[in-house]
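**Q** output the structure for:
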Amino acid sequence: MPPAVRAQSSPAVATIGPIRLSSQPEIDAGFRLLYELKFTEAREAFKSWENRHPGEALGPAAEAASYLFQEFDRQGVLTSEFFLDDNRLLGGIEGAPDPQLRNAFNGAVRKAQDLARARLKSDPKNADALFALTISTGMLADYSSLIEKRQIESLRLTREADTVAKNLLAVAPSAADAYVALGAANYILGCLPAYKRFLIRFGGFHGDRAVGMQQLGLTAAGGHYLRPYAKLTLGLAAMREKQWDLARKQFEELTAEFPANVKFARELAKLRARATLVSPESRR
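**A** This is a model prediction of the structure:
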């Protein structure tokens with residue numbers, strides 16, 4: 001992977017015009033570092049880009065992702081132990097969030113949303129602003145649910161992310177990263193007991209595990225910045241559903257793409273052991 005380009009070599013510009021959602025190599029490099037669990041290095045790449053493009057919401061949105069992923073990693077959220085435990089998946093972490101990560105995350109989300117909304121006031125169909133607003137709102141919903149255990153607030157944010165994502169897809173149908181927020185929400189809400197799913201329908205919330213997995217699959221196949229995150233979430237969901245081949249495909253591809261992330265390899269080993277116990281013909 002080529003080293004990140006440093007900000008000092010280029011002057012700051014307030015806007016760069018259409019980002020086209022996936023045409024920023026420095027943001028790409030930062031997300032790769034995130035998936036290698038190199039959170040500090042990822043933030044350096046994001047802040048370098050952000051310093052040169054202070055008017056763009058993508059920079060702080062990516063920075064917010066670095067804090068969210070770091071807290072998820074610290075709490076073991078994106079693991080089979082967490083995802084296969086209903087009490088944890090539906091009730092949130094057992095401990096307390098890191099206050100420094102929380103404050104940094106909230107600050108980056110707020111900055112991303114302020115910049116995105118300012119852009120949308122003059123250009124309501126701006127795909128880049130809608131993209132940043134979609135992923136920042138979706139991350140805020142995830143944090144509220146899984147880290148802060150504020151389920152009602154998470155549902156409100158999920159509905160907001162759903163609306164923004166649909167607006168984004170209306171103007172940029174190829175922005176497959178938008179499906180992560182929709183897919184994760186659909187799947188997790190679909191895992192709720194029947195009586196809870198019935199109750200939340202009165203608030204306009206819905207959940208469907210199959211639809212959620214389909215949406216995660218769209219990002220896993222055609223996403224950009226969030227494609228590996230979608231593959232990880234889809235793989236864990238497939239484990240819950242005992243869809244061993246689908247789960248194994250996600251973790252084999254993640255392990256091959258990110259060999260520096262030993263946690264992907266660890267999940268693949270656990271998956272193979274679990275699948276073998278359930279289905280002897282799954283041995284390889």
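
**Q** please report phi then psi for the closest residue to S174 other than its chain neighbours.
**A** Distances taken as C-beta to C-beta, 6 or more residues apart in numbering place G222 nearest to S174, at 7.3 Å, with adjacent residues excluded. Any C-beta I mention is one placed from the backbone N, CA and C, and that applies to glycine too. Dihedral pair for G222: phi -130, psi 10, per degrees, to the nearest 10.

**Q** am I right that G222 is in contact with A176?
**A** Yes. Contact between G222 and A176 holds when scored by C-beta atoms under 8 Å: they sit 4.0 Å apart.

**Q** of the two, who's got more company?
**A** A176 (23 against 14; other C-beta atoms under 10 Å).

**Q** run through the stretch 1-150 of the chain and note the low-pLDDT ranges.
**A** Within the stretch 1-150 of the chain, the segments meeting pLDDT under 70 span 1-23.

**Q** for the stretch 151-284 of the chain, which spans come out with low pLDDT?
**A** For the stretch 151-284 of the chain, the stretches with pLDDT under 70 are 193-206, 277-284.

**Q** can you show me the helices along it?
**A** Listed in chain order, the helices of the stretch 151-284 of the chain (DSSP state H, counting those that start in this stretch) span 151-171, 179-190, 194-201, 209-222, 227-240, 244-257, 262-278.

**Q** relative to helix 262-278, how tilted is the fifth one?
**A** With axes from the mean of the first three to the mean of the last three C-alpha atoms, to 10 degrees as the criterion, the two stretches helix 227-240 and helix 262-278 enclose an angle of 20 degrees.

**Q** CA atoms of helix 227-240 as CSV?
**A** Only the C-alpha atoms of helix 227-240 are listed here, as CSV (Å, rounded to 0.1, in the frame of the first residue of the first chain):
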residue,chain,number,x,y,z
ARG,A,227,-17.3,-2.8,1.7
PRO,A,228,-15.1,-4.7,4.2
TYR,A,229,-17.3,-3.5,7.1
ALA,A,230,-20.3,-4.8,5.3
LYS,A,231,-18.5,-8.1,4.6
LEU,A,232,-17.7,-8.5,8.3
THR,A,233,-21.2,-7.7,9.4
LEU,A,234,-22.7,-10.0,6.7
GLY,A,235,-20.3,-12.8,7.8
LEU,A,236,-21.3,-12.5,11.4
ALA,A,237,-25.0,-12.3,10.5
ALA,A,238,-24.6,-15.4,8.3
MET,A,239,-23.0,-17.2,11.3
ARG,A,240,-26.2,-16.4,13.3
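
**Q** now it: how far from the chain's centre is it?
**A** A distance of 11 Å separates the C-alpha centroid of helix 227-240 from that of its chain, computed with C-alpha atoms, centre = their mean, to the nearest Å.

**Q** that helix to helix 209-222, inter-axis angle?
**A** With the same axes, to 10 degrees defining the directions, helix 227-240 sits at 140 degrees from helix 209-222.

**Q** report all helices and strands that helix 227-240 contacts.
**A** Based on contacts counted as 3 or more C-beta pairs under 8 Å, 6 or more residues apart in numbering; DSSP states H and E, the elements that helix 227-240 packs against are helix 25-35, helix 80-83, helix 179-190, helix 209-222, helix 244-257, helix 262-278.

**Q** tell me which helix or strand comes right after the first one.
**A** Read in the C-terminal direction, the helix or strand following helix 25-35 is helix 39-52, with elements assigned using DSSP states H and E.

**Q** cool, and the shortest one?
**A** Where DSSP H and E defines the elements, the next helix or strand beyond helix 80-83 is helix 86-91.

**Q** how about the helices of the stretch 151-284 of the chain, which one is nearest D73?
**A** Evaluated over the helices of the stretch 151-284 of the chain, closeness to D73 peaks at helix 262-278, with 7.9 Å, by C-beta to C-beta.

**Q** tell me the angle of that closest one relative to helix 244-257?
**A** With the same axes, to 10 degrees applied, the angle from helix 262-278 to helix 244-257 works out at 160 degrees.

**Q** and the angle from helix 262-278 to helix 25-35?
**A** Taking the same axes, to 10 degrees, one finds that helix 262-278 is oriented at 50 degrees with respect to helix 25-35.

**Q** buried ones in helix 262-278, by neighbour count?
**A** By neighbour count with 16 or more other C-beta atoms under 10 Å, helix 262-278 contains the buried residues K263, F264, A265, E267, L268, L271, R272, R274, A275.
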